[in-house]
Structure formats: structure tokens, C-alpha cells
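> Here is a sequence together with a model predicted from it:
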Amino acid sequence: MSDVIPPVRFADALGARIAYQDFGTGPAIVAIPPLAQNIEIAWEWPAIAHMLRRFATFSRYVHFDKRGTGASDRRSKVNDIDERVEDLRAVMDAAGVDRAHLFGFSEGGPMTLLFAATYPHRVESLILGGTGPYMAPPEQDAAERAAARQQAEHFATVWGTPESYVVDLFAPSLATDQAYRTWHQRYERAAASQDSMRDLLDLMLHMDVRAILPRIEVPTLVLHRVGDQMVPVEFGRSLAAGIAGSEIVELEGNDHFTYAGDQGWMDIVERWVTGTVVQKATPPPYPTSVRIQTLGRFAVVVDGVEVETAEWGSRLARTLCKRLVAARGWPVSRDELFELLWPDEHDRAKLGSRLSVHLSAVRKVLRGGVAADRQSVRIDLDEASTDLEDFFRAEDDGAIVAAYAGEFLPEDVYDDWTGPIRDEVRTRFVAAARRLADERAAGHRHGDAAALARRLVSIDVYDEDAHRRLVRALWAMGEDREAERAHQAYASAMAELDVDVPGLADIV
């Protein structure tokens, strides 16, 4: 690779443009950004440029800046981990990379894991450096969490200033190099603002994707320096222990930044991606259709095959999908989803990562199909079709009746959030079925009118109008005994309400 810096390109993601560079030839490696970086200015420091050019000698290397940082749109707020998964997908799509080795470093590790659990068909393998399934010890008590937040606030306050101590913590082997220290302070300012850094650190302190480690099914290489002060080697060991079949290589040194210190680890990565990774099965073809059924029962059908319940991973993931479908493409606030899924949990700080894990499960089942930002989540109706939308798009009475396969989510009838949409669907069907029954009766198609009336009675056994329609249709067909039975059923239902019904002769 020449000394020319690769051009910065932009991927269109939801609400932002994501800056990325694409260079080199060979197996594709997509690098997931750490806390904050700037892919353009990074080339100024020789050790970073050497590392990137080394990658280009054996791979096609794509790296990017997360939204709100670096060369990506800075007007956008720093996004949550599940949003970053979709930003990574947008970068891969824009670069034309269908499947790649993912290199997740530091704070980019949890996001890399979440992507692999969500879109395994797009992942050749994982290379995880100086990271873990969490970025702060999960067993911290309240006092320790408060202390960590205070430390994070000070870290952000001095970020990009002469008082910054990033170099001392992240690259101690370079701490005495004043030229590097001065350059890195400028690099920090180019990577993220102090406000963005506060947001990043707050999100980082609550990252926890341990729940998805058993779902990682791709070859995984874990690299960790044993003296890393920022992410202890125990985090890497926990990661390797949680992913079946993973390999861990513990490296000498105490630098957290990958380019600082000995870069011999790159030889390990080259061997990993150019031929020594265990043979991987060809991924199944990507589905061409995803269909969600909610009327009559809940089901997701991918390319004509219904998704088994076990594939969801949890009941909460199914509930989350149902709630998003009920909103019909409109955003549902994260706070509402927190309350729905974890009504007894009052520490909202814990719930962001939990929601991200379940959104990952939904996206995996739907092969995407979910759009999210810091405030809300919605179903992406461009990626997944629903019978509910087909029902509301139907315009004539016949189409409305044909689209109604039954009540909306009948297994969730006692959940308050399902009530409004269920009532709306039922009301629209009942009105259409009545008009259509009248039309059929007027056209002497009494069998059709009777079938429609039976459907109306099955929905509401106390619907007097439906009972009378059924009795009249059966009588008009010459089905006298059936008409009498229908009249008796009508009288029995009304007796429960202490309501008198007219005689058979008065109805027909």
C-alpha cells in the first residue's frame, strides 16, 4: 500500500452519515471503533499508520468512526450499543462487504459481539482485542458505581486538554514521548467533544452483553495484554470462557492501545484470517421475505418457514417484537419498553444493555427489521411485512374481511397495551362484515351472509345484530331447523344479560 491516505467515504445510516475508509486487498476485516477515534487524523501518527498499512498487506480493511465522533456526523448524539449494530451494518452495505472478519477492540468489543449474535451470516470470525463482554465490573456496588461515574466525569473534563491523562492510562509505553502526548491531545479533540465523551463513558459503564455469549457461533480469537490497565485481562478471560470453542492469546505488555508497544500480535491476526481459521460452513442464503402474523395467532415466517419458538431465545424477545408490531411502524419509547419488559426494575441504568440484548434477538429472527435511536425503537416495515398492515391497507369490504384471520394477538388478550389496536381491528372488521353481509343477502347469496354472521357471533356472542342476521340468512336458505337452533343460541346468550329476544317469526 502506498503512503497515500485512503479517502474518507460516508455510509448513510438512520439519521446520520458514518465516515469510513476502505483499503487493502485480501479477506475482508471490518474494524469496530473503540471509545472515540478519527480515522483520517489517525494516519498522522507513524505507529498507527504502520499498523493500518500492515493490515492492508494481507486484508481488505474497513474501519469507521461511530456517529457523534471523529469524521462521522458530529451533530448526531452518541448512540446506544444496539443502534451501533445497525450503523455497522450500514457501513458494510455501503462498502459492499457481505461477510467479514470483525475486529472489535476495547469498547467496540460488546458491539462486535452483539452484531455477531444478530447477523451471524455476515461474520466470518471475531477478533477481539483488549475487551470483554462488559466495560465495567458487573459486580460493582452502588458506592463503586458512584465512584466510577465521578472518575468518568473527570476523565471527560480534561479530555483534549494538557491535563488529559489518556496517554498514561492507555499507552504507558509512550508516556514519556512528549511529541506523542501533544499530538494525542489534539487527536482527542478531533475524536470527540467533552460532552460526547461524557455520553460515551456513561453508556460504556452500563454495557453488559454476557447474555448473548452462548449465541456466538463463529470462530473467535481473543487477544489481551496481561498488563492492560484499562481493561483487565480477566475481562478477556471471561469473554473466552463464555464463547464455546474460542481461542485466547495472552500477550506481554501493559498498553491498551493496539498500536502502542509490540505489534507482533498482527502476525497472529494475519495467520487467523488468511488460512488458519477453522473451516467455516457456508452461510445459508439470506432470506427474501419476512412475514409477521398477529391476527388469529402470533408467528414469524421467513421464506415460507415459520420460526420456531426456541429461536427467539426468550419470551421477552417475542413480547418486544409484538409490541413493536402493534405500534405499526411508529416509534415506541425505550422507557415504555423498559416498563413493559421489566416493570419491577427501578434502576433504569441497568436496562439499556438488557434491551439491546433482546433487540438483538428480535433482529436476528427478523433478519433486521428494527430501527432504533437513543429515545425509541420501531419496526422497520420496509424489511418485514405484517398482516396487520395488510389489514389496514385493505380498502373494500371483501378485502378487509379476507384479511381478518382472527383477533389481534389472542394469547395476549389480558395485556393492556394490546387492547386499543385489538379494538380498532375488530371494529373495522365488524363494520365491513356487516356491510358485506347486507350486500350478500340483497344478492340472494344467503350462504355467504350466514357465514359472515357466524363470524360476527364468534367474535361477540352478545352481538344481537349478528344473531338476527344469522337467523334470517338461515331461514332464507330454507334451513329452518338451523334457523331455530340459531334463534335458541341467541336467546340463551341474551338471557345471561337478562334481555328478552323477539320470537323467530318476528325476526324472519
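Received, thanks.

> buried residues in stretch 435-455?
Neighbour-count burial for stretch 435-455 flags 435-437, 440-441, 446, 448-455 (criterion: 16 or more other CB atoms under 10 Å). C-betas here are computed from N, CA, C, even on glycine.

> can you tell me which of these are in helices?
Taking DSSP state H as the definition of helices, the buried residues of stretch 435-455 contribute 435-437, 440-441, 446, 448-455.

> just these now: which is nearest residue 217?
Nearest to residue 217 out of those is residue 455 (CB to CB; 45.3 Å).

> so what's residue 421 up against?
326, 328, 388, 408 (CB atoms under 8 Å, 6 or more residues apart in numbering).

> pLDDT score assigned to residue 278?
Note on residue 278: pLDDT of 53.

> follow-up on the earlier one: now the ones in helices among the buried residues of stretch 435-455 as TSV including distance to residue 193?
TSV is the format used below for those (distance: CB to CB, whole Å):
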residue	distance to residue 193
435	60
436	61
437	64
440	67
441	70
446	73
448	67
449	68
450	70
451	66
452	63
453	66
454	65
455	60
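
> any idea which of those is the one closest to residue 169?
So of those, ranked by how close each gets to residue 169 (CB to CB), first place is residue 455, at 68.4 Å.

> in which helix or strand would I find residue 154?
Using DSSP states H and E, residue 154 maps to helix 142-157.

> For that helix, which residues meet the burial criterion?
Buried residues in helix 142-157 (16+ other CB under 10 Å): 145, 148, 152, 155-156.

> can you check stretch 56-65 too?
56, 58-65.

> now stretch 484-491
486-487, 490-491.

> Provide the contact partners of that stretch at residue level.
457, 464, 467-468, 470-471, 474, 501, 504, 507.

> Find the nearest non-adjacent residue to residue 274, please.
residue 58 (5.6 Å; CB to CB, 6 or more residues apart in numbering).

> Ignore what I typed, I meant residue 61.
residue 55 (4.3 Å).

> show me the contacts for the one you found.
Taking CB under 8 Å, 6+ apart as the test, what residue 55 contacts is 24, 29, 61, 266.

> ok, which stretches of the stretch 351-500 of the chain are helices?
351-366, 387-393, 397-403, 419-442, 446-459, 464-476, 480-495 (DSSP state H, counting those that start in this stretch).

> what's the closest of the ones you listed to residue 200?
helix 351-366 (13.3 Å).

> Quick check: which helices or strands does the closest one pack against?
Counting contacts by 3 or more CB pairs under 8 Å, 6 or more residues apart in numbering; DSSP states H and E, helix 351-366 packs against helix 81-95, helix 108-118, strand 299-302, helix 315-326, helix 334-341, strand 370-372.

> who does the last one touch, helix- and strand-wise?
For strand 370-372, the helices and strands in contact under the criterion 3+ CB pairs under 8 Å, 6+ apart are helix 81-95, helix 351-366, strand 376-379.

> Which positions in the helix or strand that contains residue 168 come out as buried?
Taking DSSP H and E as the criterion, residue 168 maps to helix 166-170. Within helix 166-170, the residues that qualify as buried are 166-167, 169-170, counting by 16+ other CB under 10 Å.

> what's the farthest-apart pair in those residues?
Farthest pair in the buried residues of helix 166-170, by CB to CB: 167 and 169, 7.5 Å.

> Name the nearest of the contacts of residue 55 relative to residue 382.
residue 29 (29.4 Å).

> Specify the angle between the helix or strand hosting that closest one and helix 81-95 in degrees.
Using DSSP H and E, residue 29 maps to strand 28-32. Calculated by axes from the mean of the first three to the mean of the last three CA atoms, to 10 degrees, strand 28-32 forms an angle of 150 degrees with helix 81-95.

> Strand 28-32 packs against which elements?
strand 60-64, helix 81-95, strand 100-105, helix 108-118.

> who does the third one pair up with?
Sheet pairing here is set by DSSP bridges, and for strand 100-105 it gives strand 28-32 (parallel), strand 123-129 (parallel).

> do the first one as well
Within its sheet, strand 60-64 is paired with strand 16-23 (antiparallel), strand 28-32 (parallel), according to DSSP bridges.

> what does the helix holding residue 168 rub up against?
With CB under 8 Å, 6+ apart, helix 166-170 has contacts from 159, 174-175, 180-181, 184, 188, 229-230, 255-257, 260.

> Can you give me the separation between residue 336 and residue 240?
37 Å (CB to CB, to the nearest Å).

> what about those two, which has more around it?
residue 240 (20 against 15; other CB atoms under 10 Å).

> got a list of what the spatially closest residue to the more buried one that is not a sequence neighbour touches?
Sequence neighbours aside, residue 248 is the residue nearest to residue 240 in space, at 3.9 Å (criterion: CB to CB, 6+ apart). The contact partners of residue 248, by CB under 8 Å, 6+ apart, come to 221-224, 236-237, 239-240.

> Flag the shaky bits of the stretch 1-150 of the chain, pLDDT-wise.
Residues of the stretch 1-150 of the chain that meet the criterion pLDDT under 70 lie in 1-2, 76.

> should've said the stretch 301-450 of the chain
Using pLDDT under 70, the stretch 301-450 of the chain drops low at 349.

> Next, find the distance separating residue 3 from residue 50.
Relative to residue 50, and taking CB to CB, residue 3 is found at 11 Å.

> who's more crowded, these two?
The residue with more neighbours, out of residue 3 and residue 50, is residue 50; 13 against 7, by other CB under 10 Å.

> Show me the helices in the stretch 201-350 of the chain, by range?
Under DSSP H, counting those that start in this stretch, the stretch 201-350 of the chain gives helices at 233-242, 265-271, 315-326, 334-341.

> if we can go back for a sec, dump the helices of the stretch 351-500 of the chain to CSV, plus distance to residue 12.
Shown next, in CSV, are the helices of the stretch 351-500 of the chain (distance: least, CB to CB, whole Å):
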stretch, distance to residue 12
helix 351-366, 19
helix 387-393, 25
helix 397-403, 34
helix 419-442, 32
helix 446-459, 45
helix 464-476, 51
helix 480-495, 57
